[in-house]
Structure formats: C-alpha cells, structure tokens
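Engineer: Below is the sequence, then the predicted model.
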Amino acid sequence: MMTRSSFVRLMAAATFAAALPTLAPALHAQDIGIDVGTKAPAAPLQTLDGKPANLSEFIGKSPVLIEFWATWCPNCRELEPTLLKMVKKYSPRMQFVGVAVSVNESPELVKRYAAKHDFTHHILYDKTGDALTAYNVPATSYIVVLDKSGTVVYTGLGGDQNLEAAIEKGLGTE
C-alpha cells in the first residue's frame with residue numbers, strides 16, 4: 001500500500017518529468033547570455049593594478065575566449081584545468097581573457113589566486129559590472145568565444161564545457 005508521502009513524491013516526480021521537455025530549450029548553453037552570431041561589444045574593465053582596460057582591446061584582432069569567473073566559483077575551478085591546458089595549446093592563435101567579477105572579491109584577491117594557479121592569460125577585473133551587463137552574463141563559469149572578426153561563435157556555462165570544440169569554432173577550423 002502506498003503512503004500519502006510516497007504518493008506526493010511520485011506525483012511531484014511525474015509532474016517534473018512531464019515538464020522537462022518544455023524546460024529543455026531553456027537549458028541549452030546557446031540560449032543564455034549574449035546571442036551567438038552578434039558582434040561582441042566593448043566593455044570597460046580594469047587591470048588587477050587598477051588601470052583602465054577594455055574588452056575592445058582584444059575584439060576583432062584575433063579569436064578570443066573570454067571567461068567570466070570568480071575565485072569562489074566551484075564550476076570555474078572545475079573548468080580551470082581544461083582552460084589552462086587550452087591556454088598552453090592554443091596561445092597565441094587564440095587570445096584568452098579572464099574577466100573576474102567583483103562580487104565578494106577584490107583585485108588583490110584575484111591577483112593572488114591567478115599567481116597561485118599559474119594563470120598566464122590576461123586577467124581583468126569587472127569592478128562596475130559593465131562587462132557582465134554588456135555580455136548578459138547569467139553566472140560565473142560563463143564562456144564566450146569570438147572569431148577573428150569579433151563575432152560570437154560560442155557561449156557556454158558550467159564546469160564541463162568542451163572548450164577545445166569551442167576554440168576550434170573561434171579559429172574556424174571545426
């Protein structure tokens with residue numbers, strides 16, 4: 001005999017399972033953040049030393065992978081080994097830019113983290129949130145890949161992204 005609590009759990013699971021197909025489109029990485037196919041916007045940032053910088057310095061000169069990240073982000077830490085491998089494998093054909101969010105961290109903290117984890121790519125700090133807004137960033141561990149013309153060719157979120165395939169899109173070699 002089924003108890004009332006078992007019945008409620010069963011009905012909740014059935015309702016979720018029935019709703020899953022309608023939720024699936026919202027779960028695709030390409031459906032969040034800046035639209036694939038658009039030109040990447042400029043966005044004011046600062047260096048970890050507090051000097052003005054802008055994403056426009058990287059856009060339209062070569063392919064670029066931009067990661068919006070934080071030192072406290074578990075998905076970013078999961079993605080980090082793959083990202084660092086890609087930096088070694090694809091630099092300088094692909095530029096790599098880490099945009100550290102300003103939520104619960106400072107440029108000094110980001111600088112220490114980057115040094116401790118042997119980051120060799122560009123790390124900038126989004127003190128005002130302008131880059132987050134310009135790229136419609138849904139969360140940390142958000143990746144945007146641009147081709148040489150500055151067009152968005154990939155967006156993704158989470159710690160298990162296929163960065164190599166995304167980079168190949170940016171290089172035009174997929």
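Structural biologist: It's in.

Engineer: Stretch 102-111: end-to-end distance?
Structural biologist: One end of stretch 102-111 sits 13 Å from the other (C-alpha to C-alpha, to the nearest Å).

Engineer: Tell me where the model's unsure across the protein.
Structural biologist: Where the chain drops to pLDDT under 70, the residues are 1-31, 174.

Engineer: tell me, what residue is most central in it?
Structural biologist: Nearest to the geometric centre of the chain sits residue 142, at 1.8 Å (C-alpha atoms, centre = their mean).

Engineer: Contact partners for that residue?
Structural biologist: Applying C-beta atoms under 8 Å, 6 or more residues apart in numbering to residue 142 gives the contacts 33, 67-68, 135, 155-157. From N, CA and C alone the C-beta is placed, and that goes for glycine too.

Engineer: cool, residue 164 as well?
Structural biologist: So residue 164 contacts residue 86 (C-beta under 8 Å, 6+ apart).

Engineer: Distance from the chain centre to the helix or strand hosting it, please.
Structural biologist: Using DSSP states H and E, residue 164 falls within helix 163-171. Its chain's average C-alpha position is 14 Å from that of helix 163-171, according to C-alpha atoms, centre = their mean, to the nearest Å.

Engineer: Could you do stretch 145-162 as well?
Structural biologist: For stretch 145-162, the distance to the chain centre is 8 Å (C-alpha atoms, centre = their mean).

Engineer: what residues does that stretch touch?
Structural biologist: The contact list for stretch 145-162, computed with C-beta under 8 Å, 6+ apart, reads 29-30, 32-40, 59-66, 74-79, 82, 138-139, 141-144, 166-167, 169-172.

Engineer: 7 Å instead, please
Structural biologist: Applying C-beta atoms under 7 Å, 6 or more residues apart in numbering, the external contacts of stretch 145-162 come out as 29-30, 32-40, 59-60, 62-65, 75, 78-79, 138-139, 141-144, 166-167, 169-170, 172.
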